[in-house]
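Asks: Next one to model:
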Amino acid sequence: MPVRRPDPANHKVNPYRRLSASQVIAWGNCPRLWYYGWMERLKSPLPPPVLRGNAVEECVCRVLRESPTLISADSRASLTSPLADDGSPDWDSPDFWVAPGLRAIPSSEVPNDRESLADWASARADAHFERCWDSAVEDWMSSPNRVGSEGDIDKEEGRQMVESALSLHLDQVQACFEAGGGPGLRVWRSGKREHWPAPDGFPREWGEPHPAATEGQVTWAEAWEIARPWFVDPDAKSFTQTSAHPGDWFQGEYDLVYRWTGSPRIVDLKASIGRGDRSGGYLDQLRMYGWLWWETHGREESPEGLEIWYLGTGTAKEVEIPSQEEMEVMNIELEALYQMIHEKDPSIEQCPANPSPLKKFDAGGKPSEPPTHPDQRARCTYCDYRGICEGSEHQIDLPLETRVERFGHAWPVTPIAEVETRASVVGEVVGLQGPELQEDGSIKLEFTLQDGYDRARVRPSRQGMPRDVSRRISEGSRVRVDRGVPSVWRGQLQIDLDQKSSVSIADGDDSAPVVEVETRVSVVGRVWSIDAFPNGVDVHRWSITLMDQTGSAASVAFKQFIPVSAAAIARGDDIAILNGEVGEWAGRPQVRIGPGARVVILRHSEGTPEF
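Replies: Here you go, the predicted model:
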């Protein structure tokens with residue numbers, strides 16, 4: 001079972017705040033690194049190696065999905081998978097699967113030894129690689145947060161990495177062949193399939209044996225089918241094939257899971273040579289995946305092997321399998337980390353700038369000698385956040401303005417950390433709808449809050465509903481709304497209620513006037529990242545991350561409110577957003593660009609220090 005979907009009825013865990021191996025590794029490298037990446041959501045730029053990794057993995061998986069019994073070396077066919085509404089393979093539907101409609105190719109043309117099977121696999125890689133590469137380039141180019149250029153990456157190096165992966169896979173196929181097909185040969189020949197089958201062009205239930213199935217001694221074509229690992233279907237949408245801890249607070253996604261021996265072997269593909277500090281994190285990642293498999297199988301089954309395939313060197317690195325005692329401790333420690341950084345929002349003080357030693361590895365993920373950098377704070381030198389962290393001496397001269405003179409007007413500027421995204425109001429309840437208790441314990445209600453001549457519409461947030469609502473609320477009662485998220489819609493003040501908001505009965509002398517709620521703000525900051533740019537197809541917003549000396553915030557504009565200057569704004573520019581709308585999204589301060597707002601470039605990145 002390489003996939004365990006989270007329980008949708010488990011309302012104790014926010015589905016967007018599960019722990020992952022990458023977060024655990026980041027926290028171990030430096031708690032402040034995690035804070036900037038996951039709490040402040042400061043996205044690091046995407047370098048060109050990202051596209052190489054995506055292209056290589058997709059091409060490898062497309063070849064693994066194919067069958068030398070059904071697809072000839074020069075075929076234009078592809079075993080694409082139909083998808084369900086959620087973007088995952090539609091395993092339970094018999095319709096639109098390609099393999100059942102294909103005829104087996106003549107047995108004389110089917111590879112019958114490792115060499116001919118390797119030739120077939122290489123030809124299939126040739127059939128897929130260009131499209132996979134172009135798709136990865138297009139996807140990378142569509143990110144406004146990329147750095148570098150496509151020319152910085154050697155395409156032929158990527159193609160060779162595909163060959164390395166296929167060669168390592170053929171080692172498994174050969175082992176399966178030499179083992180007589182393994183313990184599952186008879187079951188496989190009968191046509192019975194795993195609940196989570198390896199993607200092969202067939203649906204979950206198929207009443208006939210595979211066209212490659214024979215009798216007697218196992219063939220190389222059969223060994224290819226039997227040894228095929230489970231992997232993320234290359235046609236599936238992202239994050240639809242993850243596996244979640246039984247408590248739903250941790251999730252991960254395996255690259256390859258070999259099962260032909262009767263026990264799982266988890267493999268992670270790395271489109272690199274394995275040199276540098278990242279290789280230390282890969283070891284931790286694989287051990288966490290071993291623990292996750294154990295947890296999702298009733299603590300009764302552990303992997304027989306954990307491997308990292310470094311495709312730049314074409315070598316497999318064995319990772320030590322954690323013992324049961326180690327996995328029990330791992331479960332306790334990881335759940336404690338989840339409770340610390342995801343059940344609540346930790347402050348920056350709770351995430352100290354305390355980097356671990358920078359690890360050193362040689363090609364193939366082999367530890368260097370010495371295994372760590374002699375400078376205990378060497379990690380800070382290479383950190384993306386060195387310019388904003390007190391743990392580094394790198395200075396980037398972030399802006400901190402109090403006013404901006406533009407358009408014949410002096411605009412008061414608010415430091416980002418002082419932007420108030422929450423507000424309190426007191427008034428009389430008018431037109432009460434609810435309250436209604438929801439299954440997850442939250443409370444749905446909506447009303448107009450009347451404060452003299454002023455009023456505000458109080459409503460549930462799209463990101464959740466409050467839990468702290470007085471049972472005494474009724475039509476005409478005088479209430480206090482705390483930590484609501486203010487905004488303006490068609491000239492009227494709106495107060496959105498989420499998990500952090502509360503509604504209580506107001507005291508007799510309690511006062512928080514509606515008229516004093518600020519919904520407009522002007523800020524000056526440096527562009528940390530361009531997070532979204534309209535493409536005329538499926539992206540209709542412009543979104544950036546800004547920072548000044550006090551903190552960071554998101555800014556977003558939709559459709560007709562996207563400023564003309566957006567096309568000229570780049571990472572590292574200092575800009576001013578004047579008369580923006582105060583907002584919040586997923587717990588992050590936001591300055592929305594709407595009617596009446598203006599965006600001004602104050603200084604281009606050529607004149608600002610590098611991050």
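
Asks: close enough to count as contact, residue 228 and residue 200?
Replies: Yes: between residue 228 and residue 200 there is a contact under C-beta atoms under 8 Å: 6.3 Å. C-betas here are computed from N, CA, C, even on glycine.

Asks: Neighbour count: those two, which is higher?
Replies: Neighbour count, other C-beta atoms under 10 Å: between residue 228 and residue 200, residue 228 has more, with 24 against 19.

Asks: Local confidence estimate at the more buried one?
Replies: The model reports residue 228 with a pLDDT of 98.

Asks: For it, give me its contacts.
Replies: Shown in contact with residue 228 (C-beta atoms under 8 Å, 6 or more residues apart in numbering): 64, 198, 200.

Asks: and residue 484, backbone torsions?
Replies: For residue 484, the backbone dihedrals are phi -80, psi 160 (criterion: degrees, to the nearest 10).

Asks: okay but it is in contact with residue 421, surely?
Replies: No: at 10.1 Å, residue 484 does not count as touching residue 421 under the criterion of C-beta under 8 Å.

Asks: between those two, who's got more neighbours?
Replies: Neighbours around residue 484 and residue 421, counted as other C-beta under 10 Å, are more numerous at residue 484. The numbers are 26 against 19.

Asks: Quick check: chain neighbours aside, which residue is closest to the more buried one?
Replies: Spatial nearest neighbour of residue 484, excluding adjacent residues (C-beta to C-beta, 6 or more residues apart in numbering): residue 495 at 3.8 Å.

Asks: Surely the one you found forms part of a strand?
Replies: Yes: under DSSP: H, G, I helix; E, B strand; the rest coil, residue 495 sits within a strand.

Asks: residues touching it, list them.
Replies: Residue 495 neighbours (C-beta under 8 Å, 6+ apart): 423, 425, 449, 456-459, 481, 484-486.

Asks: make it 7 Å
Replies: 423, 425, 456, 458, 481, 484, 486 (C-beta atoms under 7 Å, 6 or more residues apart in numbering).

Asks: joint contacts of residue 484 and residue 421?
Replies: In contact with both residue 484 and residue 421: no residue, using C-beta under 7 Å, 6+ apart.

Asks: Domains in the chain, by residue range?
Replies: Following automatic domain parsing, the chain resolves into domains at 10-37+246-390, 406-416+519-607, 421-516.

Asks: For the first one, the averaged confidence score.
Replies: Right, domain 10-37+246-390. 95.

Asks: what distance separates the start and the end of it?
Replies: For domain 10-37+246-390, the first-to-last residue distance is 39 Å (C-alpha to C-alpha, to the nearest Å).

Asks: so residue 143 sits in a strand?
Replies: No: looking at residue 143 with three-state DSSP, it is coil, so not inside a strand.

Asks: Look up how far residue 136 lies from the residue nearest to it when sequence neighbours are not counted.
Replies: Using C-beta to C-beta, 6+ apart and skipping the chain neighbours, the partner closest in space to residue 143 is residue 46 (5.4 Å). Distance, residue 46 to residue 136, by C-beta to C-beta, to the nearest Å: 11 Å.

Asks: One more: residue 143?
Replies: In terms of C-beta to C-beta, residue 143 sits 11 Å off from residue 136.

Asks: more neighbours, the two?
Replies: Under the criterion of other C-beta under 10 Å, the comparison of residue 143 against residue 136 puts residue 136 first, with 23 against 18.

Asks: show me the residues around the more buried one that make contact.
Replies: 51, 54-55.

Asks: what do you get for residue 220?
Replies: Residue 220 sits next to 111-113, 117, 177 when contact means C-beta under 7 Å, 6+ apart.

Asks: Which pLDDT value goes with residue 426?
Replies: 97.

Asks: Which residues does the helix or strand hosting it contact?
Replies: According to DSSP states H and E, residue 426 maps onto strand 423-437. Contacts to strand 423-437, defined as C-beta under 7 Å, 6+ apart, come from residues 443-451, 456, 469, 473-482, 484, 486, 495, 506, 510-512, 514, 517.

Asks: quick one: strands adjacent to it?
Replies: strand 443-451 (antiparallel), strand 478-489 (antiparallel) (DSSP bridges).

Asks: what's the closest of those strands to residue 19?
Replies: Nearest to residue 19, of all those, is strand 478-489, at 25.9 Å by C-beta to C-beta.

Asks: Run through who's touching the closest one.
Replies: Counting by C-beta under 7 Å, 6+ apart, 421-426, 428-429, 449, 458, 461, 473, 493-498, 500-506, 510, 512, 517, 519, 581-584 sit against strand 478-489.

Asks: Next: stretch 561-575.
Replies: Residues from elsewhere that reach stretch 561-575, judged by C-beta under 7 Å, 6+ apart: 399, 524-530, 534, 542, 557, 593-594, 599-605, 608, 611.

Asks: What subset of those is buried?
Replies: When these are checked for burial by 16 or more other C-beta atoms under 10 Å, the buried set is 399, 524-530, 534, 542, 557, 593-594, 599-600, 602, 605, 608, 611.

Asks: picking that back up, could the strands paired with strand 423-437 go into a markdown table alongside distance to residue 20 and mean pLDDT?
Replies: Below are these laid out as a markdown table (distance: least, C-beta to C-beta, whole Å; pLDDT from 0 to 100):
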| stretch | distance to residue 20 | mean pLDDT |
| --- | --- | --- |
| strand 443-451 | 31 | 96 |
| strand 478-489 | 27 | 94 |
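
Asks: These into JSON lines, with extra columns for distance to residue 103?
Replies: Conversion of those to JSON lines gives the following (distance: least, C-beta to C-beta, whole Å):
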{"stretch": "strand 443-451", "distance to residue 103": "57"}
{"stretch": "strand 478-489", "distance to residue 103": "61"}
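
Asks: Of all these, which one comes closest to residue 312?
Replies: If you check each of these against residue 312 by C-beta to C-beta, strand 478-489 wins as the nearest, at 47.6 Å.

Asks: Which positions within the closest one qualify as buried?
Replies: 478-488.

Asks: center of the chain - which residue?
Replies: The residue lying closest to the centre of the chain (C-alpha atoms, centre = their mean) is residue 239, at 7.5 Å.

Asks: and the nearest residue to that one once chain neighbours are set aside, how far is that from residue 288?
Replies: Of all residues not flanking residue 239 in the chain, residue 253 sits nearest, at 7.3 Å (C-beta to C-beta, 6+ apart). With distances taken as C-beta to C-beta, residue 253 is found 12 Å from residue 288.

Asks: returning to that earlier point: just to check, the residue nearest to residue 143 is in contact with residue 146?
Replies: Yes: contact criterion C-beta atoms under 7 Å: residue 46 and residue 146 qualify, at 4.6 Å.

Asks: who touches both of the two?
Replies: By C-beta under 7 Å, 6+ apart, the residues touching both residue 46 and residue 146 are residue 140.

Asks: Let me know the pLDDT of residue 130.
Replies: pLDDT, residue 130: 97.

Asks: Could you do the one 10 residues further on as well?
Replies: Per-residue confidence at residue 140 stands at 95 (pLDDT).

Asks: for residue 535, same thing?
Replies: In this model, residue 535 carries a pLDDT of 84.

Asks: now it, nearest residue through space, not along the chain?
Replies: residue 142 is the one closest to residue 535 (C-beta to C-beta, 6+ apart), at 6.7 Å.

Asks: ok, how many other residues are close to that neighbour?
Replies: Residues near residue 142, counting by other C-beta under 10 Å, number 13.

Asks: ok, it to residue 46 distance?
Replies: Taking C-beta to C-beta, one finds residue 142 at 10 Å from residue 46.
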